[in-house]
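**Student:** whatever this is, show me its structure:
(chains A and B, ligands or ions: 2)
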Amino acid sequence: MAQDVESGGQTLLEVRGLRASVEGLEILKGVDLTVKTGEVHAIMGPNGSGKSTLANVIAGKPEYQVTSGQVLYQGADLLSMQPEIRARLGIFLAFQYPVELPGVRAWQFLKAAVDAQREHAGEEEISARAFDRMLKEKVELVEIDPELVKRAVNEGFSGGEKKRNEILQMAVLQPKLAILDETDSGLDIDALRIVADGVNKLRNSSNAIVLVTHYQRILNYITPDQVHVLIDGRIVRSGGPELAHELEERGYDWIKEAVDAGV
Amino acid sequence: MTQTSVKLETYRTGFDALLQETEATDPQWLTDLRREAWSRFNKLGFPTARRGNEKWKYTSVRPLAAANFDSPLVINPPENINTADLRRVAPWNDAWTNLVFLDGHFAGYLSNPQNGAGQIMVTNLADAIASGNPDVQRQLAKHANTDDDGFTALNTAFLRDGAFINVPAGHIAATPVHLIFATTGQFEHAASYPRTLLLAGANSRVTVLESYVSLAQAPYFTNAVTEIVLEDGAQVEHYRLLLESADAFHVGTSRVHQSKDSTISSASFAKGAAMARQDVQIILDAPGASCSLNGLYMTTGEQHIDNLINIDHAKPYTKSRLFYKGILDGKSKAVFGGTVLVRKDAQKTDAQQTDKNLLLSRQAEVDSKPSLLIYADDVQCAHGATAGHLDKDTLFYMQSRGLDRESASRILIHAFASQIIDTVELEPLRDYLDDLFLAAIPTASLEFGSR
Ligand SMILES: Nc1ncnc2c1ncn2[C@@H]1O[C@H](COP(=O)(O)OP(=O)(O)OP(=O)(O)O)[C@@H](O)[C@H]1O
Ligand SMILES: [Mg+2]
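**Tutor:** Ligands and ions are numbered 1, 2, ... in the order given. Next comes the predicted model:
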């Protein structure tokens, strides 16, 4: 595909024939996906088609069993790694439903996360001052209320605040591969722009972003290199940004029919 | 002879010996009190979990009764203990007023009692009794009822020493008072009966900390009774630390009587003892009286802890807040019981009662049954009890940010405990407890559940 040649990035993530089930039920039925550095991929698809499952399998959620296939991250076997190792190596999942951590202050949690990452890289703990400075910068970057980082993580946060907090975490952790699972859902227009701006500022030629979304509108702000349609556990179609527009206009039925007809 | 009466024999022998030694020197009222308490205990014996005995439904004292603990008669406590020993097992602060008791006996050489004119009086109870202090005679055993409580009766029968704190009306005691009751392990199988009487005069203010600690890893029995009396407008900040040996038995009874507009804020921290029972009763006996009780218990192995807290809203416009949390590992068990009683004319009562438990293993067990008994109609009362495991999804969320299971669970457990520890106003104590509980968080083989 033209985009691939243009981006000229290195392969960051390679998903090959991935099948995964949860509680004995097969959700992913053979997924192939290659993501290179510098790229933005969008994954769209109807509710329950397996988008979050794919994101969770990449992040390492334990209750999903991979029954066959492979996932390579920077050429290494991702599936054999603990979730925290994946995170420390630069994989970040912005959760569709961010979890509340009762009593755990957001800044403390972030500091622990940063230190875990640094320790893994053989670096020293970040000093309290350096961390404060960095956090302040990121808080401004993602235009989040500075009071939120003093509160317990996601506890009592509004839906939109939770989503923004995910982006703040991403900004602090500076992942190589960020998977945003419906981070745009539940955001008002301004918040959507802010989140998109934040993501764009964090984009560079050495990282990559996978956006799971139901809406074309976020793609107006963050232009994807590729759009994939996931239906019933398979990527049934991939294309450029125009595919998202088409889906917005026509829904999924025409693709399902086309797939069933073998087109 | 029945099984129980055989066991009481040790106590009877001990009591006879005690009487023989004290009768000549003790004031008559004390001897009378002792005898009466002994006959009560003799009648009641140790409580059993028989039907209808709600207060002891989930806690068996059979191992305690069977162990035949004995009270050492010596008056002079061991003299080879120093503050460095105490620092290892209790929060110690040179700036506080410290009274140290070793195996139930006052260790003057480790203590700095206070007794200035018009000032707070902090002394050992035996001295206060010997000097004929009228307040002691008037108040001692007036609040800790022996009628249906064998342990209080036993403590009263064997009462030797303890602390007496008298805060005169209007006095603001700036220096915290720390009572340390330590078991040394120098007497085998020892029982001790610490007794504390705290009188907070009208509009006075005081901070008191009771620590029950051990210098040895040994089985022993601490049976403590504390009576606290708050006159109008008195403000008491009260802490209770249960840091007994893992082989110890501890029964602690606290009785609080509150007058108009008085406030007690109390926090209880429990980590030690094989079997512990903390029985607290507060009577809010005049309008404007309020109490706030926080608690944290952390158990592991086969520990058993039982908190029984009864709050009696006897008069209108009284307020109570109760917030306890438990962290249970291993095969340990926690019992949380007690009643908020709102009497008929206690209108406008405002009461809240919460007990939350975090179970770190599948075998840990909680029986949390707080209850409300309301006879007034214009009141605001709420209560709740929860028990749950660390949540799997929460753990995954934290892992996905780079934290391993162990650090993630530590952070979660610490945050859970902090909610109680952070209520401690006394900063050095708060820091001490934070370190203590953080260090005690189990690290391995935690089990998780789903919401
Ligand atoms: N832990 C789980 N236990 C049981 N079923 C699950 C679990 N996780 C996912 N599923 C099922 O797998 C299917 C795919 O779910 P998934 O969350 O991946 O869908 P999705 O494409 O992200 O949908 P949405 O657009 O609604 O977010 C659904 O039928 C869902 O019910
Ligand atoms: Mg989803």
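
**Student:** which of the helices or strands spans the closest residue to chain B within the stretch 51-200 of chain A?
**Tutor:** Using Cβ to the nearest Cβ, the closest approach of the stretch 51-200 of chain A to chain B is made by residue A:103 at 3.3 Å. All C-beta atoms are positioned from the backbone trio N, CA, C, and that covers glycine. Element membership for residue A:103, per DSSP states H and E: none, as it lies in no helix or strand.

**Student:** what strand or helix carries the spatially closest residue to it that is not a sequence neighbour?
**Tutor:** Among residues not flanking residue A:103 along the chain, residue B:415 sits closest, at 3.3 Å (Cβ to Cβ, 6 or more residues apart in numbering or on different chains). Take DSSP H and E as the rule and residue B:415 turns out to sit in helix B:405-421.

**Student:** quick check: mean pLDDT of that helix?
**Tutor:** For helix B:405-421, mean pLDDT is 95.

**Student:** neighbours of residue B:93, how many?
**Tutor:** Residue B:93: 17 surrounding residues under other Cβ atoms under 10 Å in any protein chain shown.

**Student:** list the contacts for it?
**Tutor:** Taking Cβ atoms under 8 Å, 6 or more residues apart in numbering or on different chains, we find residue B:93 in contact with B:176, B:178, B:428.

**Student:** and it, helix, strand or coil?
**Tutor:** coil (DSSP: H, G, I helix; E, B strand; the rest coil).

**Student:** pLDDT value on it, please?
**Tutor:** Note on residue B:93: pLDDT of 96.

**Student:** the following helix or strand past the helix holding residue B:415 near chain A anywhere?
**Tutor:** Sequence-wise, the next helix or strand downstream of helix B:405-421 (DSSP H and E) is helix B:427-440. No - judged by Cβ under 8 Å from any Cβ of the partner chain, helix B:427-440 makes no contact with chain A; its nearest approach is 13.1 Å.

**Student:** got the buried residues for helix B:427-440?
**Tutor:** B:429-430, B:432-434, B:436-437 (16 or more other Cβ atoms under 10 Å in any protein chain shown).

**Student:** redo those as CSV? Include distance to residue A:30 and pLDDT.
**Tutor:** Formatted as CSV, the buried residues of helix B:427-440 follow (distance: Cβ to Cβ, whole Å; pLDDT from 0 to 100):
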residue, distance to residue A:30, pLDDT
B:429, 61, 98
B:430, 57, 97
B:432, 58, 97
B:433, 55, 97
B:434, 52, 96
B:436, 54, 96
B:437, 50, 94
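
**Student:** and of the residues you listed, the nearest to residue A:16?
**Tutor:** Taking Cβ to Cβ as the measure, residue A:16 sits nearest to residue B:437 out of the buried residues of helix B:427-440, at 47.9 Å.

**Student:** mind checking how far the residue nearest to the closest one when sequence neighbours are not counted is from residue B:328?
**Tutor:** Ranked by Cβ to Cβ, 6+ apart and with sequence neighbours excluded, the top spatial neighbour of residue B:437 is residue B:417, at 4.9 Å. Distance of residue B:417 to residue B:328, computed by Cβ to Cβ, to the nearest Å: 12 Å.

**Student:** same question, residue A:44
**Tutor:** Residue A:44 is 46 Å from residue B:328, by Cβ to Cβ.

**Student:** which of the contacts of residue B:93 lies closest to residue B:103?
**Tutor:** For the contacts of residue B:93, the nearest to residue B:103 is residue B:178 (18.1 Å; Cβ to Cβ).

**Student:** what angle do the helix holding residue B:415 and helix B:427-440 make?
**Tutor:** 150 degrees (axes from the mean of the first three to the mean of the last three Cα atoms, to 10 degrees).

**Student:** just the strands in the stretch 301-450 of chain B please.
**Tutor:** Using DSSP state E, counting those that start in this stretch, the strands of the stretch 301-450 of chain B run over residues B:304-313, B:319-328, B:333-337, B:339-342, B:350-359, B:365-368, B:371-374, B:380-391, B:448-449.

**Student:** which one of these lies nearest to residue A:66?
**Tutor:** Nearest of those to residue A:66, taken as Cβ to Cβ: strand B:448-449 at 20.9 Å.

**Student:** rounded mean pLDDT for the closest one, please.
**Tutor:** The average pLDDT for strand B:448-449 rounds to 72.

**Student:** ok, and what's touching that strand?
**Tutor:** Residues outside strand B:448-449 that contact it (Cβ under 8 Å, 6+ apart) are B:359, B:388-392, B:395.

**Student:** can we see that at 10 Å?
**Tutor:** Contact with strand B:448-449 is made by A:62, B:359-360, B:362, B:388-396, B:405, B:409, as judged by Cβ atoms under 10 Å, 6 or more residues apart in numbering or on different chains.

**Student:** quick one: classify the residue in the stretch 1-150 of chain B that ligand 2 sits nearest to as helix, strand or coil.
**Tutor:** Among the residues of the stretch 1-150 of chain B, residue B:58 lies closest to ligand 2, at 44.3 Å counting by Cβ to the ion. Reduced to three states with three-state DSSP, the structure at residue B:58 is coil.

**Student:** I'd say it and residue B:306 touch.
**Tutor:** Yes - contact criterion Cβ atoms under 10 Å: residue B:58 and residue B:306 qualify, at 6.8 Å.

**Student:** what do the two both touch?
**Tutor:** B:333-337, B:367.
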